[in-house]
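[1] Here is a sequence with its predicted model. Questions after.
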Amino acid sequence: MEMQQVIDRINALTQISRERDLTEEEDQERQTLRAEYMKLFKANFRQQLDSTYVQRDDGEKVPLKEWHKSIEEDIDQSFPES
C-alpha cells in the first residue's frame, strides 16, 4: 500500500471514530495502518538522508553519513575520555 492510501484510510477511520466507536476489526486495522505508516515514513526518511550530501569548506561533497562520522571523530579527538 502506498503512503497516501495508508494516510487516507487512517483518516477515514479517525473520522468514523469521531461519529461512533470503532469495531474491534476497525480498531485493529487502524493500529496496523499506523504501524505501516511509520514503516513507510522511516524508509522514505532514510532514503532522503542517504541521498543527502554535505559540501565541505574545500568544496568536496560527501555523503551525510560519512560527514557525520568525521564529525564524531573530531569530537572524540577534541574531548578524550579521562
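    Good, I have the coordinates.
[2] Backbone torsions only: list them for Pro63.
    With angles defined as degrees, to the nearest 10, Pro63 sits at phi -60, psi 150.
[3] Show the pLDDT at Ser82.
    Looking at Ser82, its pLDDT stands at 58.
[4] Kindly report the same for Ser17.
    So Ser17 comes in at 97 (pLDDT).
[5] May I ask you to name the longest helix in the chain?
    The longest helix of the chain (DSSP state H) is helix 24-50.
[6] Please identify the buried residues of the helix or strand just after it?
    Of the helices and strands lying after helix 24-50 in sequence (DSSP states H and E), the nearest is strand 53-55. Buried residues in strand 53-55, counted by 16 or more other CB atoms under 10 Å: none are found. (C-beta placed from N, C-alpha, C; glycine too.)
[7] what's strand 53-55 packed up against?
    Where contact means 3 or more CB pairs under 8 Å, 6 or more residues apart in numbering; DSSP states H and E, strand 53-55 is packed against strand 61-63, helix 64-78.
[8] closest one to Lys39 among these?
    helix 64-78 (20.9 Å; CB to CB).
[9] re the thing from before, now for the longest helix of the chain, which elements pack on it?
    On a contact count with 3+ CB pairs under 8 Å, 6+ apart, helix 24-50 meets helix 3-19, helix 64-78.
[10] re the thing from before, Asn11 is nearest to which of the helices and strands packed on strand 53-55?
    Shortest distance between Asn11 and the helices and strands packed on strand 53-55, using CB to CB, is found for helix 64-78: 32.3 Å.
[11] can you give me the angle that closest one makes with helix 24-50?
    70 degrees (axes from the mean of the first three to the mean of the last three CA atoms, to 10 degrees).
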